[in-house]
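1. Prediction below, plus the sequence it came from.
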Amino acid sequence: MSRSIRIGMIGFGVVGQGLMRLLSERGEEMEARLGGKLEIVKIAVRDTSRKREASVDPGILTDSIDEILDDPSIQIVVELAGGVDEPAAWMRRALESGKHIVTANKAVIAEKGEELIALAEEKHRFLLFEAAVAGGIPILRVLREALTGDRIVRLHGIVNGTSNYILSRMASANLAFEPALREAQLKGFAEADPSLDINGGDACHKLAILARLAFLADIEPSAIPTQGIDIVSARDMEFALDFGYVIKPLAIGARLNGALDLRVHPALVPVDSHLAHIHGATNAIYLEGEHLGPVMFSGEGAGAYPTAVSVAGDLFEVARAILSGSDDRATPPYGVPLRALKKLPQLPAEELKTPFYLRLTVEDDAGVLADVASALARHRVSIETILQTVDDEEGIATIVLLTHEAFEHAVGAAVSELSRHSALREQPVLLRIVR
């Protein structure tokens, strides 16, 4: 008779119920592969009487987290409740009592990961969080294990499905931002409060985790320049396409002369690039190794089953160690001890050199276009291409241009000057171009 690995789960929402169904559907095969059974013996929820889609024995539901944390027979705690401070406190208690942790909570790992990982190392316990980044794409395991023979020099990608869904619908259906957001909410791709998704906060947390693994760097999310997608309009989508680009929500990390370039923002990417063809809620991450060169991973970045698959993979890794008696030699979450992460200088955003997209809505007056060109020239920003459209009825002109590579501080200074121009009718829209 195979041994049972006893699991306590905190939170039983979409992902938790997906995990329950997955273990039910795939349990026999997983047991054969593992040589033991993954058994969820207790689930902590706020309301035990609430009806749920997944079939569950009411006897394992509890509204007391203590029943999980104080039960010495529970070997692994799966945290799927979300949040930062409370989950961090639960994880600390679990680790102190000798339990292993599996979580899908990117916020707690990004914000509290250092102290939790230090405790996990001290207690020789696993703390795994594959599902915290890119849903079902096993990107953290790839960075932690498969690519350790190479040196990652660059990564960028789409790590927030909500933002990508919104921008995809704005492009394909010519929707404005707000209708695209409402559609995402109706289809379950966006929360009732989508702030973290649309302001870039969610992607920032994920980039911090990716950068720690890829660059072995001690990164704080608050140090990553972050811009949301709500500055993008349907007009920008149309103009970008006219120039041969689409707009995507990107998380970017790169090594540059001993420093790191880390940022989250919407950007124009060429229509023939791989990322341009990542639509809807799909995620994609491009890695470039010093020797391997470029490689890309894509797949479902959210949802019950994709995320549950990653959670199950982490459970499998911990359970295998328990069954082999080696769980006191847990693999460090970042592949190296926490002390090996280095404080690397971060390239200031204003020192970034990249091409830019700029849209200006102005009164259709003589000399405005010349003023725009002069302002850019004064700050040594060279125009690559430019177009102008005119609404004769409103007397409004839209000037859209792409620059050659330029320093961000120079472009920012030029745009600041143009923002004070008397003919300006709307705030300028400035987006980076990633080729």
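-> Thanks, I have it.
2. Which secondary structure state is assigned to the closest residue to Leu119 other than its chain neighbours?
-> Residue nearest to Leu119 in three dimensions, not counting chain neighbours: Leu95, with 4.9 Å by Cβ to Cβ, 6 or more residues apart in numbering. Yep, even glycine has a C-beta here, placed from its N, CA and C like the rest. Secondary structure, DSSP: H, G, I helix; E, B strand; the rest coil: Leu95 is helix.
3. tell me, how many neighbours does Leu95 end up with?
-> Residues lying near Leu95 (other Cβ atoms under 10 Å) number 24.
4. got it, and Arg425?
-> The burial count for Arg425: 15, using other Cβ under 10 Å.
5. give me the beta-bridge partners of the spatially closest residue to it that is not a sequence neighbour?
-> Closest residue to Arg425 apart from its sequence neighbours, by Cβ to Cβ, 6+ apart: Thr361 at 4.8 Å. Beta-bridge partners recorded for Thr361 (DSSP bridges): Thr398.
6. How about Leu155?
-> Residues in a beta bridge with Leu155, per DSSP bridges, are Gly253, Leu287.
7. Quick check: it vs Met296, distance?
-> For Leu155, the distance to Met296 equals 10 Å [Cβ to Cβ, to the nearest Å].
8. Common neighbours of those two, please.
-> Counting by Cβ atoms under 8 Å, 6 or more residues apart in numbering, the shared contacts of Leu155 and Met296 are Ile285, Tyr286, Leu287.
9. neighbour-wise, which of those leads?
-> Counting by other Cβ under 10 Å, top hit in these: Ile285 with 27 neighbours.
10. Quick check: the gap between it and Leu275.
-> Distance of Ile285 to Leu275, given as Cβ to Cβ: 10 Å.
11. again with Leu210
-> Distance of Leu210 to Leu275, computed by Cβ to Cβ: 15 Å.
12. between Ile285 and Leu275, what contacts are shared?
-> Jointly contacting Ile285 and Leu275 under the rule Cβ under 8 Å, 6+ apart are His156, Gly157, Ile158.
13. I'd say the last one and Pro249 touch.
-> Read that as Ile158. Yes - between Ile158 and Pro249 there is a contact at 6.0 Å, judged by Cβ atoms under 8 Å.
14. Point out where the chain drops to low pLDDT.
-> Applying pLDDT under 70 to the chain flags residues 1-2.
15. Quick one: the helices in it, in order.
-> In the chain, the helices defined using DSSP state H lie at 14-34, 66-69, 85-96, 106-123, 139-141, 161-173, 177-186, 195-198, 201-215, 234-242, 304-324, 368-378, 408-418.
16. List the buried residues of the third one.
-> Judged by neighbour count (16 or more other Cβ atoms under 10 Å), helix 85-96 contains these buried residues: Pro87, Ala88, Trp90, Met91, Arg92, Arg93, Ala94, Leu95.
17. Ala89 and Phe356: what is the separation?
-> If you go by Cβ to Cβ, the gap between Ala89 and Phe356 works out to 44 Å.
18. Kindly report the same for Asn105.
-> Taking Cβ to Cβ, one finds Asn105 at 35 Å from Phe356.
19. next one: Ile43
-> Using Cβ to Cβ, Ile43 is found at 50 Å from Phe356.
20. which one of the shared contacts of Ile285 and Leu275 has the most neighbours?
-> That'd be Gly157 among the shared contacts of Ile285 and Leu275, by other Cβ under 10 Å, with 29 neighbours.
21. dump the residue contacts of that residue.
-> Going by Cβ under 8 Å, 6+ apart, Gly157 touches Leu250, Ala251, Leu275, Asn283, Ala284, Ile285, Tyr286, Met296.
22. Let me see the contact set for the spatially closest residue to Gly395 that is not a sequence neighbour.
-> In this structure, Gly395 finds its nearest non-sequential neighbour in Asp364, 5.1 Å apart by Cβ to Cβ, 6+ apart. By Cβ under 8 Å, 6+ apart, the contact set of Asp364 is Val390, Asp391, Asp392, Gly395, Ile396, Ala397.
23. What are the phi and psi values at Asp364?
-> For Asp364, the backbone dihedrals are phi -80, psi 70 (criterion: degrees, to the nearest 10).
24. Look up how far Leu401 lies from it.
-> Counting by Cβ to Cβ, the gap from Asp364 to Leu401 is 17 Å.
25. more crowded one of Leu155 and Met296?
-> When neighbours are counted by other Cβ under 10 Å, Leu155 and Met296 differ, and Leu155 comes out ahead with 24 against 14.
26. Looks like the more buried one contacts Glu288 (just checking).
-> Yes - using Cβ under 8 Å, Leu155 is in contact with Glu288, at 7.2 Å.
27. So which bits of stretch 390-403 are buried?
-> Neighbour counts over stretch 390-403 (16+ other Cβ under 10 Å) mark Ile396, Ala397, Thr398, Ile399, Val400, Leu401, Leu402, Thr403 as buried.
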